[in-house]
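> Predicted coordinates and the sequence they were generated for:
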Amino acid sequence: MLYFANRTALACLILLGGAVSAQAANVTSKQVDLGGLGSPASALNFGNSFSTAGGLVSSPGGNSFATTDTFYDTFTFNVPAAGFSSFTASLNLGDLLAISNLSSRLYTGTPLAAGTALGGNPSLIKPWSTGQTNVTEVAAGSGLFNMINVPSLAAGTYTLEVRGQVVGQSGGAYAGVINVAAVPEPSTLALLTLGLSLIGLRIRRQAH
């Protein structure tokens, strides 16, 4: 009886272990150093495109992870000696493709491990924004959405962190712009729109 009980317990542990390993996890998808904001008129583009195959999600130059996982992308940038009078990190929801629960936060310093909670840590400038959802392969957003809006930034290193889940059968994509003006330049948004339109076309072709 003891031998049988031990074998039963071992089987239960194996089953439980398999269940745990299949659970969703927080994963580092991509880490990018955007460089510096060179002048009050400068802007830095950020974003990522994902492809899905065999239950795994991957992106150019990034890590692969399960479709059930939450990805964390980090975009590090430097502010020169003179701080800026205003700062925004914006996404155009009209071009959000097959990403669920997309949100972002801003903190000082270099990237942290995926899923790190900052809470009352003074390095946290803006907590996680409200998650935005577009689960369709074809964009169906509602226009410009300012994820981060800060009155000013002192000189130093900062990290914009983006998280979400890729829910498209062929992948997904998002893009945005870090800008020191209150609203991103129209030319910058036009480039983002064009770029994501091409990504959306590629995703739709892969789905057929």
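Thanks, I have it. Nothing here was measured: the structure is a model prediction, and the numbers come from that model.

> which element is the spatially most central residue of the chain on?
By CA atoms, centre = their mean, the chain has its centre lying nearest to Val162, at 3.0 Å. Per DSSP states H and E, Val162 falls inside strand 156-166.

> Hmm, Ala89 and the residue nearest to the centre of the chain touching each other?
No. When contacts are counted by CB atoms under 8 Å, Val162 is not listed as touching Ala89 (9.1 Å). (Glycine included, C-beta is placed from N, CA and C.)

> Now for these two: what residues contact both?
Phe46, Ser104 (CB atoms under 8 Å, 6 or more residues apart in numbering).

> Let's verify Gly94: helix, strand, or coil?
helix (DSSP: H, G, I helix; E, B strand; the rest coil).

> since we're on it, how many residues are nearby?
When neighbours are defined as other CB atoms under 10 Å, Gly94 has 17 of them.

> swap in Leu106?
Based on other CB under 10 Å, the number of other residues close to Leu106 is 23.

> what's the answer for Gly156, then?
Neighbour tally, Gly156, other CB under 10 Å: 12.

> Relative to Gly143, how far out is it?
Separation of Gly156 from Gly143 (CB to CB, to the nearest Å): 32 Å.

> what's the answer for Tyr72, then?
In terms of CB to CB, Tyr72 sits 26 Å off from Gly143.

> Tell me which stretches of this structure form helices.
For the chain, applying DSSP state H gives helices covering 2-22, 186-207.
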